[in-house]
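Colleague: could you look at this predicted model? Sequence included:
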Amino acid sequence: MSMDMRTDPTAVGDPGLLDTLQHEVALFARRAEQTRLGGVGQVRNSMDRAAYLLLNRLAKEGPMGVKALAASMGIDSSTVTRQVAPLVETGLVKRTSHPEDGRAVVLQLSPRGQSRLEEVRSSRRQLMAELTQDWDPGEREAFCALLSRFNGALSARMSAQGTSEGEPAS
């Protein structure tokens, strides 16, 4: 590929390859949503995508307010508020006072939430192992790298267009 095609977003490249790519991405999105890539065994389909992503973010970044959580996930605060409500109700997330400003509320993964998240992660790891069992480690690494790069490009595009990850572009 010439340098001009990489820097010119209007250059299409190989239409047949791009048709195949868009079709495979559409199939992946549909199948991922149908199965929720939930894992295996009893844990399968037991946690929706929004809950998993919220719990995962709190586990990685620690307690934070709704606005900070929304910003770190690229979605709006009202979406986070709506998505976190059932997690609080079921005891997976707890609301606590901000350590420096007692008037502010932060969201924090509860011990039950941490346990549940680890259970789901383990199940999903098992599913990924099963789906890629005949791949060699290099193929898994390459797929992860390319999928991460693809997701990064999608996020950058959505940010540039002013849309959030949790909302469809208009």
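Modeller: It's in.
Colleague: per-residue pLDDT, residue 18?
Modeller: pLDDT for residue 18: 90.
Colleague: just give the nearest non-adjacent residue to it, would you?
Modeller: residue 12 (6.6 Å; CB to CB, 6 or more residues apart in numbering). Bear in mind the C-beta positions are built from the backbone N, C-alpha and C, glycine included.
Colleague: just give me the neighbour total for the closest residue to residue 47 other than its chain neighbours.
Modeller: Counting by CB to CB, 6+ apart, residue 120 is the residue found nearest to residue 47 once chain neighbours are left out, at 5.0 Å. By other CB atoms under 10 Å, 20 other residues sit near residue 120.
Colleague: output the below-cut-off pLDDT ranges for this structure.
Modeller: For the chain, the stretches flagged by pLDDT under 70 are 1-11, 35-46, 98-99, 101-102, 163-170.
Colleague: please redo it, this time with the cut-off set to 80
Modeller: 1-13, 32-46, 97-104, 162-170 (pLDDT under 80).
Colleague: mind checking the SS state of the most centrally placed residue in the chain?
Modeller: Centre of the chain computed as the mean C-alpha position; nearest residue by CA atoms, centre = their mean is residue 53, 5.1 Å away. Following DSSP: H, G, I helix; E, B strand; the rest coil, residue 53 is assigned to helix.
Colleague: list the contacts for it?
Modeller: Counting by CB atoms under 8 Å, 6 or more residues apart in numbering, residue 53 makes contact with residue 73.
Colleague: recalculate using a threshold of 6 Å.
Modeller: Counting by CB atoms under 6 Å, 6 or more residues apart in numbering, residue 53 touches no other residue.
Colleague: equivalent analysis for residue 93, please.
Modeller: Residue 93 touches 84, 87, 107, 113, counting by CB under 6 Å, 6+ apart.
Colleague: which ones among these map onto strands?
Modeller: residue 107 (DSSP state E).
Colleague: distance of residue 138 from residue 125?
Modeller: 19 Å (CB to CB, to the nearest Å).
Colleague: of those two, who's got more company?
Modeller: residue 125 (12 against 8).
Colleague: what lies in contact with the helix or strand hosting residue 28?
Modeller: In this assignment (DSSP states H and E), residue 28 forms part of helix 15-35. Residues outside helix 15-35 that contact it (CB under 6 Å, 6+ apart): none are found.
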